[in-house]
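Novice: A predicted structure for the sequence below; I have some questions about it.
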Amino acid sequence: MKILRMAWRNLWRNGRRTLVTVAAMTLALWSMVLYTSLMEGMLGSMETTLLDVELGEIQVHADGYRERPSIWERIEDPDALLRALDETGLRSTARLLGGALVASGDVSTGALLKGLRPERDALVSEVHQRLDRGEWLDPADAKGVVLGYRLARTLAVEVGDELVALSQATDGSMANDLFRVRGVLQSLSEETDRATVFLLEDEFRNFFALEDGAHRVIVRSSEGQDLTAAAGLVEQAAAMSAPGVEVRSWRDLLPGLANVFDSAQAAVQVVAFVVYVVIAILILNAMLTAVFERIREFGVLKAIGVSPRRVLALILVEGALQSALAIGIGLVASLPALWFVTTRGIDVGGLGGTAIMGVAMDQIWTGAVSPLTIAGPVFILLFVAGVAVLFPAIKAARINPIEAIHHQ
Amino acid sequence: MGAEPIISLRDVTKVYRQGSVDVHALRGLTMDVEAGEFTAICGPSGSGKTTMLNLIGALDAMTSGSIVLEGRELASLNKKELSELRRDRIGFVFQAYNLMPVLTAYENAEMVLWVQGVDGSSRRERVMGLLEKVGLKGMENRRPSELSGGQQQRVAIARAIASNPVVVLADEPTANVDSETAETLLELMEELNREQGVTFVFSTHDPQVMERARRVVRLVDGRVASDERR
Amino acid sequence: MNRSFLSAGFLLAVAWLLSAAAAAAQPADPPLDVLMRATDDAMRGDSSESRITMRIRTERWQRELRLHVVSEGTETALVRIEAPAKERGTATLKVEQNIWNYLPKVDRTIKVPGSMMQAAWMGSHFTNDDLVHESRYSEDFECAYRERPADGSGHWLVRCVPLPDAPVVWGAIDARFRAQDMLLDQAEYFDERDRLVRTIRYEDFGPLGGRTLPRRMRVIPADDPDEFTEIVYEEHAFNVDLPAGTFSLRSLRQ
């Protein structure tokens, strides 16, 4: 109690220095909380887009499909695989993929047709929730298709417009059919935005004269499940039901993007490291100065029998008080900022649709708040302040009273 | 006076190493201090006054010889024991900068009792009495910066005797105050010595102070040159 | 110059070449410029009309199409599928470098974009590009004799390398001529790295549209010798009268 009082009063002997130190710590904490929130938000939304909408955690293809995608490289009995996956409790869906020329009016361009069963696909992919306009596929509307927004722009089509698709069917004839745009997607990824047309599985099969098989099975792991473990389960399920397939996690499929995630995390850490090193130096400097200014006092304290441990505690408490102040102010100050970035977000639409490694960022960059967003920076600040204050504290505790008392 | 000395120094030497030169601060000093004594240590600069007080106060270690305080040989005690000895058995009054600037007169005076772990109400009773005794009644809540030099030394004296030490060691306690203040400080110390039996050992080169001492030990070149009681 | 079915065929009058060749026991080299120009012009007419059976065999499918082809010069052609019934009416119009497909099922005409030029035409071993790029030995290539026949039953082999600026996708073509009549009976197409890409064989020489021409042509891709696309001329006529507007988008839809 007494130590606390002494420490608190000591802080205000040089109020300006204390304020500068606390302000710097506060600012560091505030910015790190905000920065962490924004980075978590960005990575979270990218990961959501990537996994929930595009990839799934795990994909199954026929051997060789990924090296040379072709309508012929199919998983022969996808339904057997899906049933086996159902038994493992993992959510899964099958998709059919085939290249085609899509045209509207005089404009035509290449696109990837993706055939799916909406009710099954919805278990796995949130793509049906990511419409910019129009509606998602519906079995009642056989010729309705949904396409990426850039593809729609290229073809100059809107919801309700007709679309011709052209390709080579598996019987060698010219596959051709007339579809109607039912929906246009939000910006999701380079591939989806520019060149993807979603259609019903049955329509896909008619179009390509493809009776059986599927090109891709998408599998979602459960919440918190280890990716490798989930992939192992899929491998097992596939070994029984679908020989000759290849199971890959999204990290294998997009190692570049996995690296981006990892290095973004590393970037957060590097920035945090730099900020905290600066803060550590500041605290160290402030506390060292404070200790050297008071060397005689510590000498007297030790001379009259105050134990080194108490002297140490005094300095540590001074550091702790400043940290507590900084944390208090920093957290209070970060609340409105966090509220802003999580509810309003930062409009990055002006950047013209930002994508990182082909994965689209949302137009509005919003932050995410998890316990870690706040606890992380707080604990690191405490740790850094503790380390920075420990050296001056030990120095004060070890002072030789005679030398200290005669110190000029 | 008392038969048994509370402090006894035997053939104490202290050698400092200053650069490449050995400085012999004490060269075989022998003396005793008995309970209730009011002793002035005097002598020219460099005669070893401060060194002697530091050694008795367990702030520094002698080079050879023996110092026994209340029957305990200081050389045999470890750091922690020495720290506790200082806390419980010795009172210190320094030349200047004695007090914690952030604490009030009251808080400074209770400091030693607090580190001894004496409970709050006992502390209060004792310290309020002491502050009244040293003439600072009503100034308990002033910070050192709001007190004169003499008043600060009174607080320091109150702190030094608060824990009923065996001896109060004072290194030039009047060096930083004017002669009038020195006079009243000395009166206070005398009074405490007389009425409460506090043993004082203080260094000084102030003739005025020496006159009041009942025992004057003169040091020259780290040895006792004369020791007169009156 | 892909001797495609739009322009396949051959050489009208190289009689004097033949006699020169026959006169010598060891035949002298016929003048190459004359030979190549004659080869280029063999299929030429102001216009032509033919009915063709196209047989396609690939690893994946086997199919047979009956086609009606009309052309004018080398720049314009219209091909219409007459059979099988499922694809009947599907038509391709070529005008200069452009290709349109008409799809009766959806009643739409689609212009084939540049990115699709290397795609197969109707599942055959011809690409859309083959329809468009009509190069000429005598203008786009530098040709030289490579092998000479030992006797009258042998072959002349001519290696033709494209001129630097010629719009040709091949690295080289080896054209093989029968010594007996100096008719082209095989062309091997190589890529820039001199790997064989495909072979076209000209067979069943006989009267066609009043000329002596190969009435059957077979394209064999080098990477899969079991596959082929075969064209058989059922009927062929040169210099026919075509009504105005034959090569229009409107007539494509018909």
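Specialist: Nice, thanks for sending it over.
Novice: what's the burial count for residue 41?
Specialist: Looking at chain A here, since you left the chain open. Using other C-beta atoms under 10 Å in any protein chain shown, A:G41 is surrounded by 22 other residues. No exception for glycine: its C-beta is placed from N, CA and C like everyone else's.
Novice: actually, chain C is the one I wanted.
Specialist: Considering only other C-beta under 10 Å, C:D41 is surrounded by 16 other residues.
Novice: in terms of pLDDT, where does it sit?
Specialist: Looking at C:D41, its pLDDT is 79.
Novice: residue of chain B nearest chain A, please.
Specialist: B:R87 (2.4 Å; C-beta to the nearest C-beta).
Novice: show me what contacts that residue?
Specialist: Contacts for B:R87 (C-beta atoms under 8 Å, 6 or more residues apart in numbering or on different chains) come out as A:304-306, B:112, B:115-116, B:163.
Novice: pull the CA atoms of the helix or strand where it lies into CSV?
Specialist: Under the criterion of DSSP states H and E, B:R87 resides in helix B:79-89. C-alpha atoms of helix B:79-89 as CSV (Å, rounded to 0.1, in the frame of the first residue of the first chain):
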residue,chain,number,x,y,z
LYS,B,79,23.9,-8.9,3.7
LYS,B,80,20.4,-9.7,4.7
GLU,B,81,21.3,-9.8,8.4
LEU,B,82,23.2,-6.5,8.1
SER,B,83,20.2,-4.9,6.4
GLU,B,84,17.9,-6.1,9.2
LEU,B,85,20.5,-4.9,11.7
ARG,B,86,20.4,-1.4,10.2
ARG,B,87,16.6,-1.5,10.1
ASP,B,88,16.1,-2.7,13.7
ARG,B,89,19.1,-1.6,15.8
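Novice: next SSE after it?
Specialist: Defined by DSSP H and E, the subsequent element after helix B:79-89 is strand B:90-93.
Novice: quick check: C:S248 vs chain A, distance?
Specialist: Relative to chain A, C:S248 is positioned 16 Å away (C-beta to the nearest C-beta, to the nearest Å).
Novice: just say helix, strand or coil for the residue nearest to A:G89 when sequence neighbours are not counted.
Specialist: Nearest-residue entry for A:G89: A:S222, 7.0 Å, with adjacent residues in sequence omitted and distances by C-beta to C-beta, 6 or more residues apart in numbering or on different chains. Following DSSP: H, G, I helix; E, B strand; the rest coil, the label given to A:S222 is coil.
Novice: hang on, A:S222 packs against A:E57?
Specialist: No: with contact defined as C-beta atoms under 8 Å, A:S222 does not reach A:E57; the gap is 9.5 Å.
Novice: higher neighbour count, those two?
Specialist: A count of neighbours by other C-beta under 10 Å puts A:E57 above the other of A:S222 and A:E57, at 23 against 14.
Novice: the one helix or strand A:A280 maps to: how far from the chain's middle?
Specialist: For A:A280, the element it lies in under DSSP H and E is helix A:255-293. For helix A:255-293, the separation from the chain centroid amounts to 21 Å (computed by C-alpha atoms, centre = their mean, to the nearest Å).
Novice: and if you look at stretch A:243-255?
Specialist: Taking mean C-alpha positions (C-alpha atoms, centre = their mean), stretch A:243-255 and its chain are 21 Å apart.
Novice: what are the ranges of the strands in the stretch 101-250 of chain C?
Specialist: All strands of the stretch 101-250 of chain C, identified by DSSP state E, counting those that start in this stretch, fall at C:108-111, C:141-147, C:155-162, C:172-178, C:184-190, C:196-208, C:211-221, C:228-238.
Novice: among these, which is nearest A:D171?
Specialist: Proximity to A:D171 (C-beta to C-beta) singles out strand C:228-238 among those, at 15.4 Å.
Novice: show me the shaky parts of chain A.
Specialist: Scanning chain A for pLDDT under 70 picks out A:1, A:348-363, A:407-408.
Novice: spell out which residues of it are next to chain B.
Specialist: For chain A, the residues in contact with chain B (C-beta under 8 Å from any C-beta of the partner chain) are A:2, A:6, A:9-10, A:13, A:296-297, A:300-308, A:310, A:401-402, A:405.
Novice: rerun at 6 Å
Specialist: Counting by C-beta under 6 Å from any C-beta of the partner chain, chain A comes close to chain B at A:2, A:6, A:9-10, A:296-297, A:303-307, A:401-402.
Novice: list buried residues within the residues you listed.
Specialist: Burial by neighbour count, judged by 16 or more other C-beta atoms under 10 Å in any protein chain shown, picks out A:6, A:9-10, A:296-297, A:303-307, A:401-402 from these.
Novice: can you list these in JSON lines and add distance to B:V209 and secondary structure?
Specialist: Listed next are these as JSON lines, based on distance: C-beta to C-beta, whole Å; DSSP: H, G, I helix; E, B strand; the rest coil:
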{"residue": "A:M6", "distance to B:V209": "33", "secondary structure": "helix"}
{"residue": "A:R9", "distance to B:V209": "35", "secondary structure": "helix"}
{"residue": "A:N10", "distance to B:V209": "35", "secondary structure": "helix"}
{"residue": "A:R296", "distance to B:V209": "24", "secondary structure": "helix"}
{"residue": "A:E297", "distance to B:V209": "27", "secondary structure": "helix"}
{"residue": "A:A303", "distance to B:V209": "22", "secondary structure": "helix"}
{"residue": "A:I304", "distance to B:V209": "23", "secondary structure": "coil"}
{"residue": "A:G305", "distance to B:V209": "26", "secondary structure": "coil"}
{"residue": "A:V306", "distance to B:V209": "29", "secondary structure": "coil"}
{"residue": "A:S307", "distance to B:V209": "33", "secondary structure": "coil"}
{"residue": "A:P401", "distance to B:V209": "24", "secondary structure": "helix"}
{"residue": "A:I402", "distance to B:V209": "23", "secondary structure": "helix"}
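Novice: and the helix or strand bottoming out on mean pLDDT in chain B, what does it pack against?
Specialist: The helix or strand of chain B with the lowest confidence, counting by mean pLDDT, DSSP states H and E, is helix B:207-212 at a mean of 81. Judged by 3 or more C-beta pairs under 6 Å, 6 or more residues apart in numbering or on different chains; DSSP states H and E, helix B:207-212 is in contact with no other helix or strand.
Novice: can you pull the buried residues of that helix?
Specialist: If you call a residue buried by 16+ other C-beta under 10 Å, then helix B:207-212 has these buried ones: B:209, B:212.
Novice: what residues does that helix touch?
Specialist: If you take C-beta atoms under 6 Å, 6 or more residues apart in numbering or on different chains as the criterion, helix B:207-212 is touched by B:40, B:42, B:186, B:216.
Novice: tell me the secondary structure for whatever residue of the stretch 51-200 of chain A ends up closest to chain B?
Specialist: Relative to chain B, the nearest point of the stretch 51-200 of chain A is A:L51 (57.5 Å; C-beta to the nearest C-beta). Look at A:L51: counting by three-state DSSP, its state is helix.
Novice: ok, it - how many residues close by?
Specialist: 18.
Novice: again, but for B:S145
Specialist: So B:S145, with other C-beta under 10 Å, has 9 neighbours.
Novice: where do the helices of the chain begin and end?
Specialist: Picked chain A for this. A:2-11, A:15-47, A:78-88, A:118-121, A:149-155, A:190-195, A:201-208, A:227-241, A:250-253, A:255-293, A:295-303, A:308-339, A:371-397, A:401-405 (DSSP state H).
Novice: nope, chain C please
Specialist: Using DSSP H, helices in chain C cover C:15-23, C:32-41, C:128-132, C:137-140, C:249-253.
Novice: which stretches of chain B have low pLDDT?
Specialist: For chain B (pLDDT under 70), the answer is B:1-3, B:97.
Novice: of all of it, which residue lies closest to chain C?
Specialist: B:V102 (80.6 Å).
Novice: what do you get for chain A?
Specialist: Using C-beta to the nearest C-beta, the single residue of chain A nearest to chain C is A:G172, 3.1 Å away.
Novice: with that, I have no additional questions.
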